[in-house]
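# sequence and computational prediction follow.
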Amino acid sequence: MLTTSATAAAALLVGASATSAASATGSAARDPWPDVIPLPNGFRPEGITIGADPYAYLGSLGDGSIYRADLRTGAGRIISAGPGTPSVGLKLDDRGRLFVAGRGQGARVVDVRTGKIIASYTLTTKTPTFANDVFLTPGAAWFTDSFQPALYALPLGRDGRLPGPDEVVTVTLRGAWTQTPGEVVNANGITRTPDGKALLVVQSGGGGLHRVNPRTGVTTLVDLGDAAPLTNGDGLLLLGRRLYVVQNRQNAIDVFQLSVDGRSGIFEGRLSDADFDIPTTVAAHRNRLYLPNARFTTTPTPETTYAVVAIKC
């Protein structure tokens, strides 16, 4: 049974992300870490996450396998064989658990030490559904649904307890949110506002960045001034008050300085790199951003090459 609770949703948001933004400090210029990290042929990456240690975790859109790459050397291996269904967005917590958005299959949690799936969740019974990205707060794992106007939260206990299958919280998006019906990508990347009081969600098709009240699901458009629409906006990364928005088919990252409450932002510039080939999501370590090339304009085959690209932030 899926549940909806506005009060519960609000309680799940308070505080900063459980992932480590502090790891984005340091100087990449002083070390010889690779700027391009190869992935297995045919892997089809989409999501990326990095914890406090110098390892990136990536999920496969093909069979859902999880790959761990050493940022220092570029070496890596599959640590969890996929269930045969996609892995899209993913985030690592400080307990070594990977929260994975599974497209039409909801969500699952993987222990990165053993590679075992330790929990699986049906996020909604509505169709179509596309669990696309995930963001961690101390109280919950929040998932976007690209085909439904809703966010889903998995409440996390203070002792790290994972919720049962009937404890999923559904928050319906409303207010400024206008859902394009059908199998069209709407809600995509997700993060929080700098003050931690609300969520930020990019709507890929419409190109808007929305501030979401977790109590009510009411959204307001973030005022980004004269910045171009965030069409094809994908992964979001917040470091302090600086927001990085991956624009996948533009092969670029748009950078904004947000107000503390996340209601407005100033466009600071666009980052790109010659090695980008439809990057989708972004994670940070030291002073580098790491983005997987999904290569959506290239027909995938078992021999198609894929990589993670690192740039300075």
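Perfect, I can see it now.

# can you map out the helices along this structure?
In the chain, helices defined by DSSP state H lie at 6-13, listed in chain order.

# any regions of it where pLDDT drops low?
Under the criterion pLDDT under 70, the flagged ranges of the chain are 1-31.

# could you redo the last one with a cut-off of 90?
Along the chain, segments meeting pLDDT under 90 span 1-32, 158-160, 205-206, 228, 313.

# what residues are bridge-paired with Ala131?
Going by DSSP bridges, Ala131 is paired in beta bridges with Arg103, Asp145.

# just to check, it is in contact with Phe143?
Yes: at 5.1 Å, Ala131 and Phe143 qualify as touching, with contact defined as C-beta atoms under 8 Å. Yep, even glycine has a C-beta here, placed from its N, CA and C like the rest.

# need the residues touching each of the two.
Common neighbours of Ala131 and Phe143 are listed as Ala101, Ala107, Leu123, Tyr152 (criterion: C-beta atoms under 8 Å, 6 or more residues apart in numbering).

# reformat these as a markdown table; add neighbour count.
A markdown table is the format used below for the shared contacts of Ala131 and Phe143 (neighbours: other C-beta atoms under 10 Å):
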| residue | neighbour count |
| --- | --- |
| Ala101 | 30 |
| Ala107 | 24 |
| Leu123 | 25 |
| Tyr152 | 28 |
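
# between those residues, which sits nearest Arg215?
Among the shared contacts of Ala131 and Phe143, Tyr152 lies closest to Arg215 (C-beta to C-beta), at 15.4 Å.

# contacting residues around the closest one?
Counting by C-beta under 8 Å, 6+ apart, Tyr152 touches Ala107, Leu123, Thr124, Ala131, Trp142, Phe143, Asp145, Val168, Val169, Thr170, Val171.

# neighbour-wise, which one of those leads?
Using other C-beta atoms under 10 Å as the neighbour definition, the contacts of Tyr152 reach their maximum at Phe143, which records 30 neighbours.

# dump the contacts of Tyr152 into CSV; add distance to Tyr67 as well.
Putting the contacts of Tyr152 into CSV (distance: C-beta to C-beta, whole Å) gives the following:
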residue, distance to Tyr67
Ala107, 19
Leu123, 24
Thr124, 28
Ala131, 20
Trp142, 24
Phe143, 21
Asp145, 25
Val168, 27
Val169, 30
Thr170, 31
Val171, 31
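
# now flag whichever of these is closest to Glu46.
Using C-beta to C-beta, the shortest approach to Glu46 within the contacts of Tyr152 belongs to Ala131, at 12.0 Å.

# please tell me how far the closest residue in space to Gly207 that isn't next to it in sequence sits from Leu92.
Nearest residue to Gly207 in three dimensions, chain neighbours excluded: Pro229, at 3.0 Å (C-beta to C-beta, 6 or more residues apart in numbering). Computed as C-beta to C-beta, to the nearest Å, the Pro229 to Leu92 distance reads 31 Å.

# these two: which is more packed in?
The residue with more neighbours, out of Pro229 and Leu92, is Leu92; 24 against 13, by other C-beta under 10 Å.

# mind checking how far that one is from Thr280?
17 Å.

# so what's Pro292 bridging to?
Taking DSSP bridges, one obtains Val308 as the residues bridged to Pro292.

# show me what contacts it?
Under the criterion of C-beta under 8 Å, 6+ apart, the contact partners of Pro292 comprise 39, 45-48, 58, 279-281, 306-309.

# measure it to Ala307 for me?
Pro292 sits at a distance of 8 Å from Ala307 (criterion: C-beta to C-beta).

# quick check: neighbours shared by those two?
Contact with both Pro292 and Ala307 is made by residues Leu39, according to C-beta under 8 Å, 6+ apart.

# mind listing the strands for the stretch 1-150 of the chain?
When assigned using DSSP state E, counting those that start in this stretch, the strands of the stretch 1-150 of the chain occupy the ranges 36-39, 45-50, 55-60, 66-70, 76-80, 90-92, 97-101, 107-111, 117-121, 131-137, 140-145, 150-155.

# what helices or strands is the first one leaning on?
Identification of packing neighbours for strand 36-39 by 3 or more C-beta pairs under 8 Å, 6 or more residues apart in numbering; DSSP states H and E yields strand 66-70, strand 306-312.

# turn those strands into CSV, including mean neighbour count and distance to Thr193.
Formatted as CSV, the entries for those read as follows, by neighbours: other C-beta atoms under 10 Å; distance: least, C-beta to C-beta, whole Å:
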stretch, mean neighbour count, distance to Thr193
strand 66-70, 21, 29
strand 306-312, 21, 25
